[in-house]
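>>> below: sequence and its predicted model.
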Amino acid sequence: VVDVAKGKALVKVIIEACLLTEEEKVRACQLAVKAGADYVKTSTGFSTGGATPEDVALMRKTVGPNIGVKASGGVRDIQSAEAMIQAGATRIGTSSGVSIVEGKTANSNY
């Protein structure tokens, strides 16, 4: 995928962190870097949990400064968005963007 996308599209690797052990998260990030991915993402949004600052920090530490980290899932207000950025996220995936910009908390089960 990385070879085909080179120069044409960004390649993301979705880790689905809520289903993995810390060791598995680290290994998945290491493999994404080795494969040449442009960024790693915490979750699809279809599993049992979303991004946590702890997972974002672990992913950032593992991939280093040259690979993006996208926090996705469960970001419903400015405080959680800021926490993800402080933990090392370079992108935020949320369906609550309008609510966040308006300073509100989105009503969402995820």
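Everything's here; your move.
>>> what about residue 33, neighbour count?
16 (other CB atoms under 10 Å). C-betas here are computed from N, CA, C, even on glycine.
>>> I'd guessed it sits against residue 69; true?
No: contact status for residue 33 versus residue 69: not in contact, 11.4 Å apart, counting by CB atoms under 8 Å.
>>> overlap in contacts, the two.
Here residue 33 and residue 69 have residue 63 as joint contacts, going by CB atoms under 8 Å, 6 or more residues apart in numbering.
>>> give me the distance between residue 33 and residue 2.
In this view, residue 33 and residue 2 are 11 Å apart by CB to CB, to the nearest Å.
>>> try residue 22
25 Å.
>>> same question, residue 83
For residue 83, the distance to residue 2 - CB to CB - is 30 Å.
>>> for residue 65, same thing?
19 Å.
>>> also residue 52?
Residue 52 is 27 Å from residue 2, by CB to CB.
>>> now stretch 65-73: buried residues?
67-73 (16 or more other CB atoms under 10 Å).
>>> so residue 27, which of the three states?
helix (DSSP: H, G, I helix; E, B strand; the rest coil).
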